[in-house]
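Student: I'll drop the sequence and a predicted model, then ask my questions.
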Amino acid sequence: MKDERLLEMQVFKAVADHGGFTAASHALGASQPFVSRTLNNLEKRLGVALLRRSTRQVNLTEEGKIFLASCNRIIGDIELAEGQISSTGASASGDLRITAATSFGMDQVVPLLPEFMELYPNVRVRLSLSDNLVDIIGNGVDVAIRMGHLQDSMLLSRKLCHLQRIIVAAPSYIERHGAPRTPDDLRQHNCLQWEAPMDHLNNWPFIIDGQRMSVEIKGNFQFTSGMSSVEMVLAGVGMTRMAEHFALPAIRRKKLVPLLTEYQAQDDTAIYAVYAKERHVHPRVRAFVNYLVEKFKEPPWTR
């Protein structure tokens, strides 16, 4: 007779770890009806309720908490046993779901993927680029590359590099409107603006007389995608505060001019690889995160 107990444990653990049937089905690559049916069969066989279900979430019962601890131990022991006898420890394989902001993803992540896929031919990369904050657990994402400040969460993160923004404009804009000499001059210039939820970036920080201050900028173009702001500033529409990965190469090519450099404030933000907290991080996730850490140890745009 076929023994389904290990499968039931894996499905139950996925539901408990991801907080629901839909997220668990994404993480497992299975259908939601399969997940529900497997959990129902498990509870029926054990004769106890492991989960309390509601329209929005599931919670563990006391019996569920006890059973989850046993599942974690058993599944962990199996993974450890397989890793110890594998010639490569544990090979990187399967689907790797990655998400990143559109501009950074196109500019920095996509160029790195061919080499990674050559190093790990058994990994199938699934890349999603979006300027919205993607729910890692709910969307079954393995690794998210995020810029700025991280929110407190149960997620793990590895810092890839420092994130600095620079105020820039195209030479054509400066020829028509001149360059600002002080931060206060920005009030007479057309500055490209982020829309919510990124509109906090419309407060540009400066160091003035030794004090950190900010100027709220205004302009006639608002955007939600960093890629659109890059194209507009290159076209001479206005000035913007641009991340270094775009700004520095464009400055070297004389397509952009840095402005107010003597007032530039040091950003306290960074670029991170973020991934779900698991007892055993999957080899494909570990391989990709380590690959990113190595590639951004010396950020390409600073070379």
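Tutor: Perfect, thanks for sending it.
Student: the closest residue to Leu156 other than its chain neighbours - how many residues pack around it?
Tutor: With CB to CB, 6 or more residues apart in numbering as the criterion, Leu156 has its nearest non-adjacent residue at 5.1 Å, and that residue is Lys277. Yep, even glycine has a C-beta here, placed from its N, CA and C like the rest. A count of nearby residues for Lys277, using other CB atoms under 10 Å, gives 12.
Student: what's the neighbour count on Thr240?
Tutor: 30.
Student: for the helix or strand hosting it, what is the distance to the chain centroid?
Tutor: Using DSSP states H and E, Thr240 maps to strand 240-243. Remark: strand 240-243 is offset 20 Å from the chain centroid, using CA atoms, centre = their mean, to the nearest Å.
Student: next one: stretch 230-242
Tutor: Taking mean C-alpha positions (CA atoms, centre = their mean), stretch 230-242 and its chain are 25 Å apart.
Student: what residues of it count as buried?
Tutor: 230, 232-234, 236-242 (16 or more other CB atoms under 10 Å).
Student: same question for stretch 38-53.
Tutor: Neighbour-count burial for stretch 38-53, with 16+ other CB under 10 Å as criterion, is recorded at 38-39, 42-43, 50-51.
Student: now do the buried residues in stretch 210-219.
Tutor: Buried residues in stretch 210-219 (16+ other CB under 10 Å): 215, 217, 219.
Student: straight-line length of that stretch, end to end?
Tutor: Terminal residues of stretch 210-219 are spaced 28 Å apart (CA to CA, to the nearest Å).
Student: where does Ile167 land in three-state SS?
Tutor: strand (DSSP: H, G, I helix; E, B strand; the rest coil).
Student: that one and Arg241 touch, don't they?
Tutor: Yes: if you go by CB atoms under 8 Å, Ile167 and Arg241 touch, sitting 5.1 Å apart.
Student: got any residues that touch both of the two?
Tutor: Trp204 (CB atoms under 8 Å, 6 or more residues apart in numbering).
Student: what's the pLDDT at Ser153?
Tutor: According to the prediction, Ser153 has pLDDT 64.
Student: so which of the buried residues of stretch 38-53 is the closest to Arg124?
Tutor: Thr38 (24.7 Å; CB to CB).
Student: for the residue nearest to Val110 when sequence neighbours are not counted, give its distance to Cys71.
Tutor: Distances taken as CB to CB, 6+ apart put Leu127 closest to Val110, at 7.3 Å, once the chain neighbours are dropped. Going from Leu127 to Cys71 by CB to CB, to the nearest Å gives 32 Å.
Student: more neighbours: which of these two?
Tutor: Remark: of Leu127 and Cys71, Cys71 carries more neighbours, 20 against 13, as counted by other CB under 10 Å.
Student: how about low-confidence regions in the stretch 51-200 of the chain?
Tutor: 55-56, 79-90, 152-154 (pLDDT under 70).
Student: would you map the strands across it?
Tutor: 51-53, 58-60, 94-100, 123-129, 143-148, 156-163, 165-169, 193-194 (DSSP state E, counting those that start in this stretch).
Student: pull the CA atoms of the fourth one into CSV?
Tutor: The C-alpha coordinates for strand 123-129 follow below in CSV (Å, rounded to 0.1, in the frame of the first residue of the first chain):
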residue,chain,number,x,y,z
VAL,A,123,17.8,25.5,-12.4
ARG,A,124,14.8,27.0,-14.4
VAL,A,125,14.7,30.8,-13.8
ARG,A,126,11.3,32.5,-13.6
LEU,A,127,11.8,36.3,-13.5
SER,A,128,9.1,38.8,-12.7
LEU,A,129,9.8,42.5,-12.9
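Student: and that strand, what does it pack onto?
Tutor: If you count contacts as 3 or more CB pairs under 8 Å, 6 or more residues apart in numbering; DSSP states H and E, strand 123-129 packs onto strand 94-100, helix 113-119, helix 283-295.
Student: buried stuff in that strand?
Tutor: So, applying 16+ other CB under 10 Å, buried residues of strand 123-129: 123, 125, 129.
Student: in TSV, list those residues along with distance to Glu262.
Tutor: Converted to TSV, the buried residues of strand 123-129 look like this (distance: CB to CB, whole Å):
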residue	distance to Glu262
Val123	47
Val125	43
Leu129	35
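Student: thank you kindly, that will do.
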